[in-house]
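Peer 1: Need a 3D model of the following:
(2 chains)
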Amino acid sequence: DTAVSQTPKYLVTQMGNDKSIKCEQNLGHDTMYWYKQDSKKFLKIMFSYNNKELIINETVPNRFSPKSPDKAHLNLHINSLELGDSAVYFCASSQNPTGGAQTQYFGPGTRLLVL
Amino acid sequence: AQSVAQPEDQVNVAEGNPLTVKCTYSVSGNPYLFWYVQYPNRGLQFLLKYITGDNLVKGSYGFEAEFNKSQTSFHLKKPSALVSDSALYFCAVRPSGGYQKVTFGTGTKLQVIP
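Peer 2: Numbers count the residues shown, from 1 in each chain, chains lettered A, B, ... in the order given. So this is what the prediction gives:
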C-alpha cells in the first residue's frame, strides 16, 4: 500500500488554466504539507495543515489554494497557471511535529508543466 | 531565521571508498537535523535524524551522521559507497519545540563511480 499518494503524476496544461493536485495519506498522520521543487531541485515548503487547520502559509501567491477535507487528504488548487508554476509538487505527511522531530513521508510528486 | 548550507553541488566517490556529504546549519536554540535522499523521479526518503543525545546517529542503508554543535555541522557519512547510493541528498533543520517548519538545503548530488 502506498503511504502517501498523489494524483496526477504528470500534468501538462496551458497558461491561464486552473488545475488541482490531490494528495492522500494512509499513515494516520495529523499533519500534511505541500512542497515545490524547482528545476534546480530546490525544495521549498508552501503550506502545512495540522488536523485540517492551516498552520504554515509561506509567501505563496494566492492563486494557490490548499484544501484539507479531512486529515488524510490535502489538495492543492492552482488558478490562472503561469509558466513559473512549472515544477514538481510534493505532498508529505508526518505525525504532529509539536511532539518532536517527526519524520516526513513524501509522495512520489506531481510534475507540472505549464506551456 | 533558520538556514541550511550544503556547500557541494556534487560529490564524486569511487565505489568502496568512504563518502562524506557536508551540511552546516543555522538555527535559534537546539536543532532537529535530518537527512533525506531522493532517487530520480521519486519523492524524498528519510535516512536519519538527530534529536538529542549521542552525536553519532546511525540510519538506513549504512549511513550515519555526526552532529557537531561547535561547528554547527551535520555531515552525512558512509564507510563504503555503493553505486546504488548515487542520488540527491538533502540536509534539513528545524528548531526544537513547538510547531516549526523544516528548512531543506539545496541538495548534493552523490555520484558513486564503479
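Peer 1: Which positions in chain B make contact with chain A?
Peer 2: Where chain B comes near chain A, counting by Cβ under 8 Å from any Cβ of the partner chain, the residues are B:32, B:34, B:36, B:38, B:41-46, B:49-51, B:88, B:90, B:94, B:96, B:98-104, B:106-107. C-beta here means a position set from N, CA and C on the backbone, and glycine is covered the same way.
Peer 1: Which among those count as buried?
Peer 2: Neighbour-count burial within these applies to B:32, B:34, B:36, B:38, B:43-46, B:49-50, B:88, B:90, B:94, B:100, B:102-104, B:106-107; the criterion is 16 or more other Cβ atoms under 10 Å in any protein chain shown.
Peer 1: Is residue A:77 in contact with residue A:65, as I believe?
Peer 2: Yes: between residue A:77 and residue A:65 there is a contact under Cβ atoms under 8 Å: 4.8 Å.
Peer 1: which ones are touching residue B:59?
Peer 2: Shown in contact with residue B:59 (Cβ atoms under 8 Å, 6 or more residues apart in numbering or on different chains): B:35, B:47, B:48, B:49, B:65.
Peer 1: whoops, residue A:47 was the one
Peer 2: Neighbouring residues of residue A:47 by Cβ under 8 Å, 6+ apart: A:33, A:34, A:54, A:56, A:57, A:58, A:60, A:64, A:66, A:74, A:76.
Peer 1: what do you get for residue B:23?
Peer 2: Contact analysis of residue B:23 by Cβ under 8 Å, 6+ apart lists B:4, B:5, B:6, B:33, B:35, B:73, B:74, B:75, B:76, B:91, B:105.
Peer 1: how close does the closest residue to it other than its chain neighbours get to residue A:73?
Peer 2: Nearest non-adjacent residue to residue B:23, counting by Cβ to Cβ, 6 or more residues apart in numbering or on different chains: residue B:91, 3.5 Å away. With distances taken as Cβ to Cβ, to the nearest Å, residue B:91 is found 30 Å from residue A:73.
Peer 1: Those two: which has the busier surroundings?
Peer 2: Neighbour totals were compared for residue B:91 and residue A:73, and residue B:91 leads with 28 against 16 (other Cβ atoms under 10 Å in any protein chain shown).
Peer 1: Pull up the pairing partners for whichever strand or helix holds that one, direction included.
Peer 2: Using DSSP states H and E, the element containing residue B:91 is strand B:87-95. If you go by DSSP bridges, strand B:87-95 pairs up with strand B:31-38 (antiparallel), strand B:103-104 (antiparallel), strand B:108-113 (antiparallel).
Peer 1: Serialize these to JSON lines and add fields for mean pLDDT and distance to residue A:8.
Peer 2: Shown next, in JSON lines, are these (pLDDT from 0 to 100; distance: least, Cβ to Cβ, whole Å):
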{"stretch": "strand B:31-38", "mean pLDDT": "96", "distance to residue A:8": "20"}
{"stretch": "strand B:103-104", "mean pLDDT": "94", "distance to residue A:8": "24"}
{"stretch": "strand B:108-113", "mean pLDDT": "97", "distance to residue A:8": "27"}
